[in-house]
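Visitor: please work out how this folds:
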Amino acid sequence: MPLLYPLLLSSALFGIGLYGVLARRNAVLMLLGVELMLNAVNLNLVAFDAWFADQLHTGQVLTLFTIAIAAAEIGLGLAIVLALFRALRTVDVDGVGR
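Guide: Reported below is the predicted structural model:
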């Protein structure tokens, strides 16, 4: 399989995630956009690992670290969103500063 296909898919995923972070005001949807961007990075790492076919599988190892960081990030992010909702009764990030 050519390297172009996973790169196009990952760039589309990254673009959708970036749009989700920049255009949304809901904190949960912003976290979802960040997760999409991390998954695009994971797809790039695995695609380049398969393309270069190194013996250490560095891309796959970095992908595992990225998945662990993403799990910690979503846990902490959802805790912050829950605390925000309990305090202000909204998850709208524009209403936080008011």
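Visitor: could I get the phi/psi values of Asp92?
Guide: phi -80, psi 120 (degrees, to the nearest 10).
Visitor: the spatially closest residue to it that is not a sequence neighbour: what's it in contact with?
Guide: Once flanking residues are discounted, Asp92 sits nearest to Arg25: 5.3 Å by Cβ to Cβ, 6 or more residues apart in numbering. C-beta: built from backbone N, CA, C; applies to glycine. If a contact means Cβ atoms under 8 Å, 6 or more residues apart in numbering, then Arg25 has Asp92, Val93, Asp94 as its contacts.
Visitor: thought the first one was touching Arg24?
Guide: No: with contact taken as Cβ atoms under 8 Å, Asp92 and Arg24 are classed as non-touching, separated by 9.9 Å.
Visitor: let me see the ranges of the helices in this structure.
Guide: Listed in chain order, the helices of the chain (DSSP state H) span 4-23, 27-52, 58-88.
Visitor: deepest-packed of those helices, please.
Guide: When the helices of the chain are scored by mean count of other Cβ atoms under 10 Å, the highest mean neighbour count falls to helix 27-52 (a mean of 18).
Visitor: that one - what's its average pLDDT?
Guide: Here helix 27-52 scores 95 as its mean pLDDT.
Visitor: and that helix, what does it pack onto?
Guide: helix 4-23, helix 58-88 (3 or more Cβ pairs under 8 Å, 6 or more residues apart in numbering; DSSP states H and E).
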